[in-house]
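Undergrad: missing the sequence, but the structure's below:
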C-alpha cells in the first residue's frame, strides 16, 4: 500500500471560540485530484490552509506524505517543528490563492524564479530556464518582463500557478483559484489545471466549478459545518447525492 | 439607417450621422480673477521692492535693508562651506542611524516576542516623549555620568557585564560634540522612523506574506524580499520629509558647539554684527540643499512606484519635452503615484 499524500484524521480547528473544523477525515492518494466543494463558512479553505501549516490544527492528526504537519513525533510525544523545518516542508507543497498574491514589485519572471533561487539555492540561469519553460506551458511565454499590474486576472492566476510549480512541488493546493475572475477568464485557468492533472500532479482543489470537478476530479468531497458530509467519485456524488444537505447544495449550484 | 463616416479619420465609427460641428460657445467671464491678479501683483511688487531695493538709515550711513551685497559676499565663502559640510555629515549620519534603528525597532515592535515588542514600545515612548534638544544636552554632558577618572564601574568600558573590564574609554575623547550630536539626533530620529516603517509594513497585504510562506521562504527572507520592498512605497515619502526636517534640526547641534552651518554663521556675525545678512546666507544654503533633496525624493518615489502603476508618471524633463513638442501639458505627474499611495491598503490585485 502506498503512503497517502494527505491524510486527515478527526482534524479540529477553532479560531477563538469559533469551531471551524469539527472532525475532518479524508485521504488523498498520490496522483489523485480531490475537489472540495461546500457552502462558504464550511471550513474548506481553512482545511486547505492547514495542509501547508498556514493554520495550526487544534486536535486530530494531519499528515502529508507520511509526515505530520508542523510536528515531529517521538516516543508518543509531539515536538513542534522549527521554522526552518516548516519552511522546508512548505517548499514541497505548492499553493494557489483566490487573489493570486503575486509580488507586485517583481516582473512575472522574477516572481517565478524568486523562490527557486532563494529557497532551493538554484542558479539564476537554471531557475530562469525552468521559469521560461513554465511560462510557455501556461501560455504566457511572451509575458516574462511584464509586471502583474499589466496582466489580466486570468493571466495573473496562470503566473501564480507557474510560480508554485517552479518549486517542483509534490502536491498542489488550489484555494478557489477562479472565484476572483471574470467568467470569460475562468476557462483559461481551468485549462492549465486540467493539463496539470493529466500530467499526474496530486491536487487538492477548493472550488465552486462543479463542471471542473466532474471532468477532472478523481474524488469529490462535500464539506459543511466543518466536517466532510459526503465523499466519493464526482459522477456519483453529483448525480446521486446521498445526504439531504448535499442534495440541497447541489440543487442550487447546478 | 445610413452609415456615414466622419471626415475626421480619427472619429469612432459611430453608428449614425456624421460628426456635428465643434461647439463654439462664449466662455463664462471671470472678472474676479482679474481683480485678484491685480491685487496680488501690487503686493508682490511691494514685497520685492521692500526686500531688494528699499534703503534704510543705520547710524550715519544708508544702505539696503537686507544688505544683499553682503549676503552675496558671504554666500560662497570657505567658512560657510565648511559649516555646510558638517551639517550634511550630521544629516546623513543621523538619518542612517535613524533609518536602520527605525527598521529594527519596527520589526521588533511587530514581533510575536512580547519582550522585543515591549522594548521597542518603551524606546519610542522615551525618545519621542523628550525634546531632542534635551537629548543633545544629555549626550554632550555624558562625561558627568561616566567620568574619565574613577573605578571600574564609573567609566565607559568594554568587558564582562558586572565583571572585569578589558578596555576603558575616556568619554571626552569618545563622545566628541560631533559624536554626541550624531547620537542624539540619530537615536531620536529612530523613534520617529520606527513608526513610519511600522505603518509601511502594516500596509502590505497579508496575502503577500502567505504567498511567500507557501513558497517555503523564511521570515527574514519574506521581510527582505517581499514585505519591505512593498512597504517602501509608503515609507519613502515621509522619510524624505524626515530627511529635510533633519537637515534643519541639525542646526540644534550648534548649541553643543558643533561647527555646523548655523554656528559658522554665528561665529562670523559675532565679530562683524552683520546678523541678518548672515542668517540670510544660512537660509539660502538650507533652501538649496532642501531643493536638491526634493528632486532626489521625487526620483526615489518614482522608482518604488514601479509595478504599482501601469505607466510611470513622466519626469519633469519628459513633461517639458512633451509640452514643447505637442504644445499642451500632459496631466500632472505624480497623480497616478499619489492615487496608488492613497489606495495603499488595497493593492490592485484585490485585497483579501
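TA: Thanks, I have it. All values derive from a computational prediction rather than experimental measurement.

Undergrad: residue boundaries of the helices in the stretch 1-150 of chain A?
TA: Listed from the start of the chain, the stretch 1-150 of chain A has helices (DSSP state H, counting those that start in this stretch) covering A:44-51, A:83-90, A:108-118, A:124-137.

Undergrad: The residue in chain B that chain A sits nearest to is in what secondary structure piece?
TA: As assessed by CB to the nearest CB, chain A sits closest to residue B:216 within chain B, at 2.7 Å. Quick note: C-beta positions are derived from backbone N, CA and C, even for glycine. Residue B:216 belongs to no helix or strand when assigned by DSSP states H and E.

Undergrad: that older thread, make CSV from the helices of the stretch 1-150 of chain A and add mean pLDDT, mean neighbour count and distance to residue B:182 to it.
TA: Shown next, in CSV, are the helices of the stretch 1-150 of chain A (pLDDT from 0 to 100; neighbours: other CB atoms under 10 Å in any protein chain shown; distance: least, CB to CB, whole Å):
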stretch, mean pLDDT, mean neighbour count, distance to residue B:182
helix A:44-51, 95, 23, 47
helix A:83-90, 93, 16, 36
helix A:108-118, 96, 23, 35
helix A:124-137, 95, 16, 39
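
Undergrad: Save the ones you listed as CSV, and put in distance to chain B too.
TA: Below are the helices of the stretch 1-150 of chain A laid out as CSV (distance: least, CB to the nearest CB, whole Å):
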stretch, distance to chain B
helix A:44-51, 8
helix A:83-90, 5
helix A:108-118, 4
helix A:124-137, 12
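
Undergrad: okay, the ones you listed in JSON lines with distance to residue A:178 next?
TA: As requested, those are exported to JSON lines (distance: least, CB to CB, whole Å):
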{"stretch": "helix A:44-51", "distance to residue A:178": "14"}
{"stretch": "helix A:83-90", "distance to residue A:178": "23"}
{"stretch": "helix A:108-118", "distance to residue A:178": "19"}
{"stretch": "helix A:124-137", "distance to residue A:178": "18"}
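
Undergrad: Near chain A, which residues of the stretch 151-300 of chain B are found?
TA: Proximity of the stretch 151-300 of chain B to chain A (CB under 8 Å from any CB of the partner chain) is limited to residues B:205, B:207-208, B:210-219, B:221, B:225-226, B:229-230.

Undergrad: Roughly how far does residue B:164 sit from residue B:158?
TA: Distance of residue B:164 to residue B:158, given as CB to CB, to the nearest Å: 11 Å.

Undergrad: How about residue B:213?
TA: Shown here: residue B:213 relative to residue B:158, a distance of 40 Å by CB to CB.

Undergrad: Between the two, which is the more surrounded one?
TA: residue B:213 (20 against 9; other CB atoms under 10 Å in any protein chain shown).

Undergrad: helix or strand right after whichever strand or helix holds the more buried one?
TA: Assigning secondary structure by DSSP H and E places residue B:213 in helix B:206-214. Using DSSP H and E, the helix or strand that follows helix B:206-214 towards the C-terminus is helix B:219-221.

Undergrad: Just after that following helix, pick out the following helix or strand.
TA: Heading C-terminal from helix B:219-221 (DSSP H and E), you reach helix B:228-249.

Undergrad: buried ones in that next one?
TA: By neighbour count on 16 or more other CB atoms under 10 Å in any protein chain shown, the buried set for helix B:228-249 is B:228-240, B:242-247, B:249.

Undergrad: now swap in stretch B:268-280 and tell me
TA: Quick answer for stretch B:268-280 (16+ other CB under 10 Å): B:268, B:269, B:274, B:277, B:278, B:280.

Undergrad: and chain A, which residues reach chain B?
TA: Residues of chain A lying close to chain B by CB under 8 Å from any CB are A:52, A:54, A:83-84, A:87-95, A:97, A:99-107, A:114-115, A:118-119, A:147-150, A:156, A:160, A:163-164, A:167, A:173, A:180.

Undergrad: Of those residues, just the buried ones, PyMOL syntax please.
TA: Selecting only the buried entries of those in PyMOL, with 16+ other CB under 10 Å as the criterion:
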select buried, chain A and resi 52+54+87+89+90+91+92+93+94+95+97+99+100+101+102+103+104+105+106+107+114+115+118+119+147+148+149+150+156+160+163+164+167+173+180
